[in-house]
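Engineer: got a predicted structure here, sequence first:
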Amino acid sequence: MIIRQMGDQECRVTLARTSLARLGCCLENQPYVVPVYIAYEPGFIYVFSTLGQKIEWMRANPRVCIQADEIVSESNWASVVVNGRFQDLPEPKFSAERAHARQLLKHHHDWWLNAVGERRLTLEKDLSMEPVFFRIEIESTTGLRAIPEGQQTATLSPNA
């Protein structure tokens, strides 16, 4: 297996094909990482959630990280890390951006399930099921790609 660094454009192409990623945020030196469904467009990653720990933490500290994988096999994969800034999209100020986020996210099957499932597990905390749309403004991307030995290029995943 050969592991090589991906350029910015290759990272962005990989993000465009990816729907499930991990979101990392931090508060008071404590990291927190959760799975999220994403929709990428140049400059931004859009996400849907409900109120809870990650939203509270990102509102307090907007510096975040997204990590997304595209895995074909143990020796044929890509991994992209995005550093950026959380931007809440509350109504009514960001109605157009929320509608845009919904349009982008609806192309991914079950994009809303993680947020709703997570909230159902924590209902005893009496937190709102209010939908929260937000985006990550992309500041930088890095990535690695593994290619099987003897192969010139990686075989992309079936949904690519």
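Structural biologist: Received the coordinates, thanks. All values reported here derive from a predicted model rather than from experimental measurement.
Engineer: quick check: longest strand of the chain.
Structural biologist: Among all segments of the chain classified by DSSP state E, the strand with the greatest residue count is strand 131-147.
Engineer: packing partners of it?
Structural biologist: The criterion is 3 or more CB pairs under 8 Å, 6 or more residues apart in numbering; DSSP states H and E, and the helices and strands that strand 131-147 contacts are strand 2-6, helix 8-17, strand 44-50, helix 53-60, strand 76-88, helix 95-105. Placement of C-beta: from N, CA and C, glycine included.
Engineer: mind doing that once more with 7 Å?
Structural biologist: For strand 131-147, the elements it packs on are strand 2-6, helix 8-17, strand 44-50, strand 76-88, helix 95-105, judged by 3 or more CB pairs under 7 Å, 6 or more residues apart in numbering; DSSP states H and E.
Engineer: paired strands for the first one, with orientation please.
Structural biologist: The strands beside strand 2-6 in its sheet (DSSP bridges) come out as strand 131-147 (antiparallel).
Engineer: which of the residues in the strand it pairs with are buried?
Structural biologist: Residues of strand 131-147 classed as buried by neighbour count (16 or more other CB atoms under 10 Å): 132-136, 138, 141, 143, 145-147.
Engineer: ok, so of those, who is nearest residue 44?
Structural biologist: For residue 44, the nearest member of these is residue 135. The distance, counting by CB to CB, is 4.6 Å.
Engineer: you'd agree the closest one is up against residue 45?
Structural biologist: Yes. With contact taken as CB atoms under 7 Å, residue 135 and residue 45 are classed as touching, separated by 6.5 Å.
Engineer: thought residue 84 was touching residue 63?
Structural biologist: No. Judged on CB under 7 Å, residue 84 makes no contact with residue 63 at a distance of 8.1 Å.
Engineer: of the two, who's got more company?
Structural biologist: A side-by-side neighbour count of residue 84 and residue 63, using other CB atoms under 10 Å, places residue 84 first with 20 against 13.
Engineer: tell me the confidence at the more buried one?
Structural biologist: Looking at residue 84, its pLDDT reads 98.
Engineer: who does the closest residue in space to it that isn't next to it in sequence bridge with?
Structural biologist: Residue nearest to residue 84 in three dimensions, not counting chain neighbours: residue 136, with 4.2 Å by CB to CB, 6 or more residues apart in numbering. Using DSSP bridges, the bridge partners assigned to residue 136 are residue 45, residue 86.
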